[in-house]
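here's my sequence, what's the structure:
(one chain, ligands or ions: 1)
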Amino acid sequence: MTDRVKQLRAAGENIIGLATGTPDFDTPAYIKAAGKAAIDEDRTYVTYTQSAGLPELREAIAAKLARENNVRVNADEVLVTIGVKQGLFTAAQACLDSGDEVLIPTPTWVTYEACFKLAGATPVFVPCRAEDAFRPDPEAMAKRLTSRTRAIMLNSPGNPAGGVITPEAMRAIADLAMRHNLLVMSDEIYEHMVYGSLRHISIASLPGMAERTLTFNGLSKTYAMTGWRVGYVAGPKEMLRNMQKIHSHSVTCACGFSQKAAAVALNGPQDDLHAYIRILTERRKQLIAGLNSIPGVRCDPPDGGIFCFPDITELGLSDQECSAFFLEHAKVSTLPGSAFGPGGEGHLRINFARRKASDLDIALERLRAARAKL
Ligand SMILES: Cc1ncc(COP(=O)(O)O)c(C=O)c1O
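Below is the predicted model:
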């Protein structure tokens, strides 16, 4: 899909790119200024930092986790990583052995599977149901347990379908993990993007879970900082110790001035974040209404995240054919749901994190016109 988009753009076509996971927003000015000042004013931030991260950032992360997530960790229980992605990769290498099974609710972000396979572990998919708003189901998870199950991967709100785990389901997943002595890896990168009545819950905040949970998060989506590459993992010291060894030998540390900017982002005023969430809330509404006005497309409101995940089965094309059709005939890029594993078939993933409402209006108009040709 990416190759075809590039080809079309090179040929002069105007493509509206709604396929990626990148928010089309700019990093807030005060965060950019902090990064620039760090480069200009202090050599500390342009040399190697402490491998586990700048102390001021680890403190800021521990304070944020206590304030927003009710997760109590000390700064030395935080590892600063090069985005959530490198944190996940490092955790998989440190905590999983060959033959270990990891439960992953699907449809899911594809990187989890790759990280676990690279560590020699076996991903075990647990499909979520569209009728349940793609919220992970603890009973379905329990059915996939074997003597080799070692961990559960959670991503709430989820990519691609936006499912937010309900409080009851979160407690049931915690019980499952405690009963079967499982590690929980919780990717909370979309925590602020929750739109309905559900609230984000960090599973590490539930009784008995802190000692068996690795909480992953980062600045990429919350502060539109994808390119700054800052994320973090918080969890039990003995797990972090092994992760730190891999981290230090593989990447040394995250970029110093990005870490400084991240500390400023977490400690600073959150007005830009609130304004950004307000815009996302409007764009989500706009895209849902627009998609539902296209005959044969049904878009249930996603609980959270930055994507709509409409059902396109009535169009009579597979999700791959449909995504390709819309790219060729509407010049709008989307991703086929089947790329995200079992349960995603018959859907498209469409990013609504756009600054301009007009981008989505034009995209919707083009999709509607293309659909009329089917
Ligand atoms: C669920 C999820 N986790 C993590 C990431 C990547 O985060 P980072 O930029 O911090 O590596 C993404 C990016 O698309 C994502 O969708």
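
anything in stretch 195-210 near the ligand?
No. For stretch 195-210, no contact with the ligand is found by C-beta under 6 Å from any ligand atom; the gap never falls below 13.3 Å. (Glycine included, C-beta is placed from N, CA and C.)

now the end-to-end length of that stretch.
27 Å (C-alpha to C-alpha, to the nearest Å).

same deal with stretch 106-113?
Start-to-end, stretch 106-113 (C-alpha to C-alpha) is 11 Å.

how about it: buried residues?
Across stretch 106-113, burial judged by 16 or more other C-beta atoms under 10 Å covers 106-109, 112-113.

same thing with stretch 261-273?
Under 16+ other C-beta under 10 Å, the buried positions of stretch 261-273 are 261-266, 268, 270, 272-273.

burial count for residue 77?
Other residues lying near residue 77 total 21 when counted by other C-beta atoms under 10 Å.

leaving out the residues flanking it, which one is nearest to residue 174?
residue 206 (4.7 Å; C-beta to C-beta, 6 or more residues apart in numbering).

quick one, phi/psi of whatever residue of the chain ends up closest to the ligand?
Residue of the chain nearest the ligand, by C-beta to the nearest ligand atom: residue 83 (2.6 Å). Main-chain dihedrals, residue 83, degrees, to the nearest 10: phi 80, psi 170.

and residue 80, backbone torsions?
phi -90, psi 130.

re the thing from before, which residue packs closest to the residue of the chain closest to the ligand, ignoring adjacent ones?
residue 231 (4.3 Å).

just the pLDDT for that neighbour.
Note on residue 231: pLDDT of 98.

is it in a bridge, and if so with what?
Beta-bridge partners recorded for residue 231 (DSSP bridges): residue 81, residue 218.

contacts only, for residue 198.
164, 166, 303-304 (C-beta atoms under 8 Å, 6 or more residues apart in numbering).

cool, residue 335 as well?
Residue 335 neighbours (C-beta under 8 Å, 6+ apart): 1, 19, 160, 323, 348-349.

and residue 85, by the same measure?
Residue 85 sits in contact with 111, 231, where contact means C-beta under 8 Å, 6+ apart.

where does it fall, secondary structure wise?
helix 83-95 (DSSP states H and E).

off-centre distance for that helix?
Centre-to-centre, helix 83-95 and its host chain are 14 Å apart (C-alpha atoms, centre = their mean, to the nearest Å).

quick check: next helix or strand after that helix?
Next element after helix 83-95 (DSSP H and E): strand 101-106.

and the direction of the helix or strand following that following strand versus that of strand 101-106, what angle?
Using DSSP H and E, the helix or strand that follows strand 101-106 in sequence is helix 111-118. Relative orientation of helix 111-118 and strand 101-106, computed by axes from the mean of the first three to the mean of the last three C-alpha atoms, to 10 degrees: 160 degrees.

other SSEs contacting helix 111-118?
Using 3 or more C-beta pairs under 8 Å, 6 or more residues apart in numbering; DSSP states H and E, the elements in contact with helix 111-118 are helix 83-95, strand 101-106, strand 122-127, strand 149-155.

adding mean pLDDT, write the ones you listed out as JSON lines.
Formatted as JSON lines, the helices and strands packed on helix 111-118 follow (pLDDT from 0 to 100):
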{"stretch": "helix 83-95", "mean pLDDT": "98"}
{"stretch": "strand 101-106", "mean pLDDT": "98"}
{"stretch": "strand 122-127", "mean pLDDT": "98"}
{"stretch": "strand 149-155", "mean pLDDT": "98"}
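
dihedrals phi and psi, residue 298?
The phi/psi pair for residue 298 (degrees, to the nearest 10) is phi -130, psi 120.

can you read off the pLDDT for it?
If you check residue 298, the pLDDT there is 98.
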